[in-house]
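> Task: produce atomic coordinates for the following.
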Amino acid sequence: MTRKGGAASVAAGIFLSRLTGLVRQRVFSHYFGLRNDAADAFMAALRIPNLLQNLFGEGALSGSFIPVYAALLARGDEREANRVAGAIGALLALVVAILVLVGVVATPLLIALIAPGFHDEKRQLTIYIVRILFPGAGLFAISAWCLGVLNSHGRFLLSYASSAMWNVAMIATLLIFGSRTDADLPRLAMILALGSVVGAALQFLVQLPVVWRVAPDLRLTLDTASEHVRSVGRNFLPVLMSRGVVQLSAYIDALIASLLGTGAVTGLLNASTLYTLPVSLFGMSVSAAELPAMSAVASGDAAAVDAVRQRLDAGLRRIAYFVVPSAVAFLALGDVVVGALFQTGRFDRTDTLTVWGILAGSAVGLLASTLGRLYSSTYYALRDTKTPLRYAVLRVTLTTLLGYLCAVPLPRALNIAPIWGAAGLTASAGVAGWVEMLLLRSTLNARIGHTGLPLSSVAKLWGTAIAAASVAWGVKIALEPKDPLVMAVFVLGAYGVVYVGATIALAVPEAREAVARLKGSRSS
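Next up is the predicted model:
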């Protein structure tokens, strides 16, 4: 599969997953709203399975397993590749089983770490939900092994679309039990946690048959004699720590948010559902497709280094074309986006404006965070796991210090409601993201030569996005007040048409490439 085809497949899979995720979050908002203890408890508890999924799915396993496995496949050594995949699958299952058991027992300690602001019934409810969710968290981690095998064989669509099963299971749970438990939100939250576990099992099971199809000789066995298995093991810990400290940043945000009053934790997660969408669709899709490709060609000779550099630059340009307008939309038109997706049932206009503020803060570092993913993947392809770890630690340290200052003392100094401190969390994380990305770029440039976005290209993208937002604002003013969904269709439609049209007129290559790919998919 070609690089562009792989990225498109990843994007399509992620889009399906994220689309069902947005539907899930809308249905959740309808039944739970923003400012109630049951919503906060469930969202805080959900951080636990998300941690294992993000660490093993898009983090440590991808960064350590795929480069080794993909390189073996590229050399035609399928026997050793199957041996490595089987050993890693067995070891992962063993480690995950232990983690799940320890997690269930240690849940009260975990709650004290992730939500110290929760007390009494709210804290107890969070403990119940986390214990229900932990087996599903284990299934998420094992699904990451399937993702690694499938991606290395060029099967991107299923591995990234499979998480739609999790979303669909939760949506069905809410629709079936939501009206029956309308007055008992804590009970609905616990039932929803059970639905999450069922969805995690479905996500794993839909991938398994295809794994056996692409690797029919693969056998799960605790085999650590292979040097390639040991290589994965050596790389696993640094990548785990690198991804782990990034995930730690999200946990620290949730911890601080638990101190900001009811609604802050849920508002932060609602906003993260939106601002991680472009990161996943455009940053993750390009990075996931490039990692096996870069790993297959990466070596010490000049031609291989040049190939990696060209792939990286092309990927950066494709990411920026989509992420820059996303950041501008979140900042200028965030109320339209949030209202269309979440404003229903218990989730009212006041909640929409609150989440918009948090979402606008995320716009500060959206581009940096997305570009940083591709830079990190490039280091992993070059078998360097220590450099991303070093800069990730710095990023988390900055995020923690700036986040606390902007979330807790600053709202007090400005005499505004504490919940607005959540916007300070997202903005401070963005500043730290820029520091990390610039350091990753600088170090890599010294190693393989100049990489990055041309200044002229960046200026065109930001300029056209701001101009498109101005037009969309005019449409918004002309339409108000209208139904949130109607507003979104016209306002965001105008924004997208102006942005794409302007970038085509300015001869931005990625614009014409995107339009050509869209026409090709329609004709096929």
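> C-alpha from now on. contacts and neighbour counts both.
OK.
> Okay, now the unreliable bits of the stretch 201-350 of the chain?
For the stretch 201-350 of the chain, the stretches with pLDDT under 70 are 239-247, 285, 288-293, 295-301.
> and if we set it to 90?
Within the stretch 201-350 of the chain, the stretches with pLDDT under 90 are 211-266, 269-270, 272-273, 275-315, 318, 344-346, 348-349.
> show me where it has helices.
227-257, 264-278, 285-297, 302-332, 334-342, 349-362 (DSSP state H, counting those that start in this stretch).
> Surely V337 and A488 touch.
Yes. With contact defined as CA atoms under 8 Å, V337 reaches A488; the gap is 6.6 Å.
> Please list all residues in contact with I48.
With contact set as CA atoms under 8 Å, 6 or more residues apart in numbering, I48 has these partners: V130, L133, F134, A137.
> didn't the second one look like it was pressed against I191?
By that I understand L133. No. Contact criterion CA under 8 Å: L133 and I191 do not qualify, at 10.6 Å.
> And the two? Which one has more around it.
A direct count of neighbours by other CA atoms under 10 Å for L133 and I191 places L133 higher, at 27 against 19.
> For that one, give its distance to R373.
L133 is 28 Å from R373, where distance means CA to CA, to the nearest Å.
> R26 now?
For R26, the distance to R373 - CA to CA - is 28 Å.
> just T397 next, same as before
T397 is 18 Å from R373, where distance means CA to CA.
> Which of the two has more residues huddled nearby?
It is R373, of T397 and R373, that has more neighbours when counted by other CA under 10 Å, with 20 against 15.
> hey, which helix is longest across this structure?
If you go by DSSP state H, the chain has its longest helix at helix 120-152.
> If you count neighbours, what's buried in it?
Across helix 120-152, burial judged by 16 or more other CA atoms under 10 Å covers 122-123, 125-152.
> just stretch 176-195 next, same as before
Neighbour count says stretch 176-195 has 178, 181, 185-195 buried, by 16+ other CA under 10 Å.
> Likewise for stretch 97-115?
Buried residues in stretch 97-115 (16+ other CA under 10 Å): L99, V100, G103, V104, T107, P108, L110, I111, I114, A115.
> Could you do stretch 306-319 as well?
V308, R309, R311, L312, D313, G315, L316, R317, R318, I319.
> Distance check, the fourth one against V279.
The reference is to L312. With CA to CA as the criterion, L312 and V279 are 16 Å apart.
> again, but for the third one
Plainly put, R311 is 18 Å away from V279 if you go by CA to CA.
> Downstream of the strand or helix carrying Y380, the next helix or strand is which one?
Here Y380, judged by DSSP states H and E, is contained in helix 366-381. Toward the C-terminal end, the helix or strand that comes next after helix 366-381 (DSSP H and E) is helix 386-407.
> Could you pull out the buried residues of that following helix?
Neighbour-count burial for helix 386-407 flags 386-396, 398-400, 402-407 (criterion: 16+ other CA under 10 Å).
> relative orientation of that helix and helix 227-257 in degrees?
What separates the directions of helix 386-407 and helix 227-257 is an angle of 10 degrees, with axes from the mean of the first three to the mean of the last three CA atoms, to 10 degrees.
> which helices and strands does helix 386-407 pack with?
Applying 3 or more CA pairs under 8 Å, 6 or more residues apart in numbering; DSSP states H and E, one finds that helix 386-407 contacts helix 227-257, helix 366-381, helix 421-448.
> re the thing from before, so which of the contacts of I48 comes closest to S17?
A137 (17.2 Å; CA to CA).
> measure the closest one to S143 for me?
Distance from A137 to S143, by CA to CA: 10 Å.
> circling back: show me whatever sits in contact with both of V337 and A488.
In terms of CA under 8 Å, 6+ apart, V337 and A488 are not both contacted by any residue.
> Tell me which other helices or strands the helix holding Y380 touches.
helix 60-74, helix 285-297, helix 302-332, helix 386-407, helix 421-448.
> Outside of that helix itself, list whatever touches it.
Applying CA under 8 Å, 6+ apart, the external contacts of helix 366-381 come out as 63-64, 67, 275, 279, 282-284, 286-288, 290-292, 294-295, 298, 308, 312, 315-316, 319-320, 323-324, 327, 385, 387-388, 430, 433-434, 436-437, 440-441, 444.
> what's the answer for stretch 339-355, then?
Residues outside stretch 339-355 that contact it (CA under 8 Å, 6+ apart): 22-23, 25-26, 29-34, 267-268, 270-271, 335, 338, 420, 484-485, 487-488.
> hmm, 7 Å instead?
The contact list for stretch 339-355 (CA atoms under 7 Å, 6 or more residues apart in numbering) reads 26, 29-34, 267, 270-271, 335, 338, 484-485, 488.
> May I ask which of those residues has the most neighbours?
So for the contacts of stretch 339-355 (other CA under 10 Å), the most neighbours sit at G267, 30 neighbours.
> Quickly note the distance from the residue nearest to that one when sequence neighbours are not counted to L331.
Distances taken as CA to CA, 6 or more residues apart in numbering place V355 nearest to G267, at 5.5 Å, with adjacent residues excluded. Distance, V355 to L331, by CA to CA: 11 Å.
> do the same with S428
Distance from S428 to L331, by CA to CA: 15 Å.
> So between the two, which is more surrounded?
The neighbour comparison of S428 against L331 (other CA under 10 Å) goes to S428, with 24 against 20.
> from memory the more buried one sits against L402, does it?
Yes. S428 lies in contact with L402 (CA atoms under 7 Å); the separation is 5.5 Å.
> got the contact list for L455?
Applying CA under 7 Å, 6+ apart to L455 gives no contacts.
> pLDDT value on it, please?
On the pLDDT scale, L455 is placed at 90.
> Quick one: residues contacting the closest residue to L331 other than its chain neighbours.
Leaving out its chain neighbours, the residue that sits closest to L331 by CA to CA, 6+ apart is A360, at 4.4 Å. A360 makes contact with F330, L331, G334, according to CA under 7 Å, 6+ apart.
> same thing but at 8 Å, please
So A360 contacts F330, L331, A332, G334, A423, A427 (CA under 8 Å, 6+ apart).
> and those as TSV, adding distance to Q343?
What follows is the contacts of A360, written out as TSV (distance: CA to CA, whole Å):
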residue	distance to Q343
F330	16
L331	18
A332	18
G334	13
A423	19
A427	23
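> Looking at the residues you listed, which is nearest G474?
Looking across those and measuring by CA to CA, the closest to G474 is A332, at 11.8 Å.
> I'd like to know how far that closest one sits from L492.
If you go by CA to CA, the gap between A332 and L492 works out to 11 Å.
> okay, the two: which has more neighbours?
Taking other CA under 10 Å, A332 and L492 do not tie; L492 has more neighbours (22 against 17).
> Report the contact partners of that one.
Here L492 is in contact with V336, A472 (CA under 8 Å, 6+ apart).
> ok, now with 10 Å
If a contact means CA atoms under 10 Å, 6 or more residues apart in numbering, then L492 has A329, L333, V336, V337, A468, A469, A472, W473, V475, K476, V486, V498 as its contacts.
> I'd like to know which of these are buried.
For the contacts of L492, buried by 16+ other CA under 10 Å: A329, L333, V336, V337, A468, A469, A472, W473, V475, K476, V498.
> Pipe those into a markdown table and attach distance to V229 per row.
Formatted as a markdown table, these follow (distance: CA to CA, whole Å):
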| residue | distance to V229 |
| --- | --- |
| A329 | 45 |
| L333 | 49 |
| V336 | 49 |
| V337 | 46 |
| A468 | 51 |
| A469 | 51 |
| A472 | 53 |
| W473 | 55 |
| V475 | 58 |
| K476 | 57 |
| V498 | 51 |
